[in-house]
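Student: have a look; sequence and predicted model below, questions after that.
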Amino acid sequence: MNIFATGAIVIIALLLSFAAANSVVIGLRGIRNWRTAILLPAGVLGLFGVGGFFGAALSSVGGLDFLGSFEWPIGHTSGVVRLPDGRYVVPHTASGRVQVYDRDLKFQRGWRINAGGGTFVVRASPEGKIKIDTSRENRHLVYDPDGRLLLEVTYPTEESRARLTAPVDALTLIIPTPWWKWPLTGPFYGWTCFMVTLGLWGLHDRLTRRPTSTWKPKSAEVAAVARAAADTTDRNASTALRR
């Protein structure tokens, strides 16, 4: 695990999460005022955006390894291969994970691979082993279907093109994913959610900003006012002397 990368991701994610959570709280408190209520969806989308982008990045560097086996929302994916027993091996580059599903696409097991945050290609051997080649550091990894690492070696650089080309029998699938988890399936959805959040925050600021006067007196008007004030002062002074 890259401690510095993990720390940076955690700090940024916490700051953005705090801003989004605060937006949710303010939106709930002012729910009867639509100008304030728009902060509620803005905050919710912001939290999904943080999870979709920074959560996946945190997973890819090992920040979620302590959770053990869990299913990361995947949605639409490619590069899927099948084991001899019919199970699906599904790669998810954004989170740096491999997940195994049964014939009915029901989740069985998932784990992070040491891909260094880069891309990787999955293959299934006739013996039922899962072979993975990474683009960073040219790693060749072999796992069993339960996620146990059996082999880790480095392959020659000249083999990169062949190893990083998806196998001809690779599939493109849509993994069953609840609609509300789709923002977590990839960085694109995460960024989209956060861009919408920024737009709603900007709209709220524009709607609630107090209007300020932009009128400035012209120099001629200022001079006329000054002369009128001087004349008034002189008349008052003359009247006082006569008395």
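Tutor: Received the coordinates, thanks.

Student: does residue 171 have beta-bridge partners, and which?
Tutor: As for beta bridges, residue 171 partners with residue 80 under DSSP bridges.

Student: number of nearby residues for it?
Tutor: By other Cβ atoms under 10 Å, the residues close to residue 171 number 15. The C-beta positions use only the backbone N, C-alpha and C, and glycine is treated the same way.

Student: how about the one 10 residues further on?
Tutor: Neighbour count of residue 181, defined by other Cβ under 10 Å: 17.

Student: the helices in the protein, which residues?
Tutor: Taking DSSP state H, the helices of the chain run over residues 3-29, 34-37, 39-50, 56-60, 160-163, 187-208, 219-242.

Student: could you export those helices as a markdown table, including mean neighbour count and distance to residue 92?
Tutor: Formatted as a markdown table, the helices of the chain follow (neighbours: other Cβ atoms under 10 Å; distance: least, Cβ to Cβ, whole Å):
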| stretch | mean neighbour count | distance to residue 92 |
| --- | --- | --- |
| helix 3-29 | 15 | 17 |
| helix 34-37 | 14 | 35 |
| helix 39-50 | 23 | 17 |
| helix 56-60 | 22 | 8 |
| helix 160-163 | 12 | 19 |
| helix 187-208 | 16 | 11 |
| helix 219-242 | 9 | 67 |
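
Student: how about the nearest residue to the most centrally placed residue in the chain, chain neighbours excluded?
Tutor: Residue closest to the average C-alpha location in the chain (Cα atoms, centre = their mean): residue 53, at 2.6 Å. Sequence neighbours aside, residue 190 is the residue nearest to residue 53 in space, at 3.6 Å (criterion: Cβ to Cβ, 6 or more residues apart in numbering).

Student: contacts only, for the residue nearest to the centre of the chain.
Tutor: Contact analysis of residue 53 by Cβ atoms under 8 Å, 6 or more residues apart in numbering lists 187, 190-191, 194.

Student: next one: the residue nearest to residue 53 from residue 117, what distance?
Tutor: Per Cβ to Cβ, to the nearest Å, residue 190 is found 16 Å from residue 117.

Student: just residue 87 next, same as before
Tutor: Distance, residue 87 to residue 117, by Cβ to Cβ: 27 Å.

Student: do residue 102 as well
Tutor: Distance from residue 102 to residue 117, by Cβ to Cβ: 29 Å.

Student: out of those two, which sits in the busier spot?
Tutor: residue 117 (17 against 12).

Student: is the residue nearest to residue 147 when sequence neighbours are not counted bridged to anything, and to what?
Tutor: Of all residues beyond its chain neighbours, the one nearest residue 147 is residue 111 (4.1 Å), with distances taken as Cβ to Cβ, 6+ apart. In this entry, residue 111 is beta-bridged to residue 98, by DSSP bridges.

Student: state the distance from residue 111 to residue 186.
Tutor: Residue 111 sits 19 Å away from residue 186, going by Cβ to Cβ.

Student: how is the protein divided into domains?
Tutor: Per the record's domain assignment (automatic domain parsing), the chain is made up of the domains 3-65+190-206, 74-176.

Student: same list (those) but as JSON lines, adding distance to residue 182 and mean pLDDT.
Tutor: Converted to JSON lines, the domains of the chain look like this (distance: least, Cβ to Cβ, whole Å; pLDDT from 0 to 100):
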{"stretch": "domain 3-65+190-206", "distance to residue 182": "9", "mean pLDDT": "88"}
{"stretch": "domain 74-176", "distance to residue 182": "6", "mean pLDDT": "95"}
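
Student: show the contacting residues for the residue lying closest to residue 152 once chain neighbours are set aside.
Tutor: In space, and not counting its chain neighbours, residue 152 is closest to residue 141: 5.4 Å by Cβ to Cβ, 6+ apart. By Cβ under 8 Å, 6+ apart, the residues touching residue 141 are 113-114, 131-134, 149, 151-152.
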